[in-house]
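A.B. asks: Sharing a model that was predicted from the sequence below.
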Amino acid sequence: DVKVTQSSRYLVKRTGEKVFLECVQDMDHENMFWYRQDPGLGLRLIYFSYDVKMKEKGDIPEGYSVSREKKERFSLILESASTNQTSMYLCASSLLIKDNEQFFGPGTRLTVL
Amino acid sequence: GENVEQHPSTLSVQEGDSAVIKCTYSDSASNYFPWYKQELGKRPQLIIDIRSNVGEKKDQRIAVTLNKTAKHFSLHITETQPEDSAVYFCAASISGGSYIPTFGRGTSLIVHP
């Protein structure tokens, strides 16, 4: 089974702090994604990566950056956390072939005070 | 870009009833349509998908139909059970090397015993 793990299930940070969310997958998937999930807004794509050191902006990249130094690991960085970044963050991965299932991590509930 | 509309946002049914969730998409080039189920506190997981060369697909109590002309697709759940209670997301994408689906906003299905 594909296993996608995220570094924290719950995280509480202060406004202005730098926040790192990490995602690791163990199935050699090329594609990795970061989503933000808010009630009524569904899954919104923040960034995705299709290869090591490659990244592409999604629909809502403002206030976020990402890093992919190794194939299995994709990090989401909030340079200066703000209260409007309080949300559930989901990581996902998939193979680099067409029509492929996305495998999601358990999510990180981030609260910015 | 692709736009996916999903309705209803909330659906309440009695156990044993059928449930139907509908999605429309805008890009006629989209040709892959997965459905994900997210139980409370858990990660989204693929439950069924359909490709544009197929009009209907069934898997036990769930089925998905696709109308390419009208650009809409639907999830049908028959004989609903309390464990079907979850948020369901539809998505649309175009086959290619980088699989980036556009998600609907989700439908919260509540099955009352």
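C.D. replies: Now that the structure is in, tell me what you want to look at. Numbers count the residues shown, from 1 in each chain, chains lettered A, B, ... in the order given.

A.B. asks: Would you confirm that B:Asn53 belongs to a strand?
C.D. replies: No: checked against DSSP: H, G, I helix; E, B strand; the rest coil, B:Asn53 lies outside a strand; its state is coil.

A.B. asks: Near it, how many other residues are there?
C.D. replies: By other Cβ atoms under 10 Å in any protein chain shown, 8 other residues sit near B:Asn53. To be clear about C-beta, it is placed using only N, CA and C from the backbone, and glycine gets the same treatment.

A.B. asks: Next up, the contacts around it.
C.D. replies: B:Asn31 (Cβ atoms under 8 Å, 6 or more residues apart in numbering or on different chains).

A.B. asks: Could you do B:Ile77 as well?
C.D. replies: B:18-20, B:61-62, B:84, B:109.

A.B. asks: secondary structure element for B:Glu5?
C.D. replies: B:Glu5 belongs to strand B:4-7 when assigned by DSSP states H and E.

A.B. asks: pLDDT on that strand, on average?
C.D. replies: Averaged over strand B:4-7, pLDDT sits at 96.

A.B. asks: which element follows that strand toward the C-terminus?
C.D. replies: Sequence order places strand B:10-14 as the next helix or strand after strand B:4-7, per DSSP H and E.

A.B. asks: on contacts alone, who are the packing partners of that following strand?
C.D. replies: In terms of contacts (3 or more Cβ pairs under 8 Å, 6 or more residues apart in numbering or on different chains; DSSP states H and E), strand B:10-14 is packed against strand B:19-25, strand B:107-112.

A.B. asks: The last one near chain A at all?
C.D. replies: By that I understand strand B:107-112. No: using Cβ under 8 Å from any Cβ of the partner chain, strand B:107-112 never reaches chain A; the gap is at least 9.2 Å.

A.B. asks: Give the partner strands of that strand in its sheet and their orientations.
C.D. replies: If you go by DSSP bridges, strand B:107-112 pairs up with strand B:10-14 (parallel), strand B:86-92 (antiparallel).
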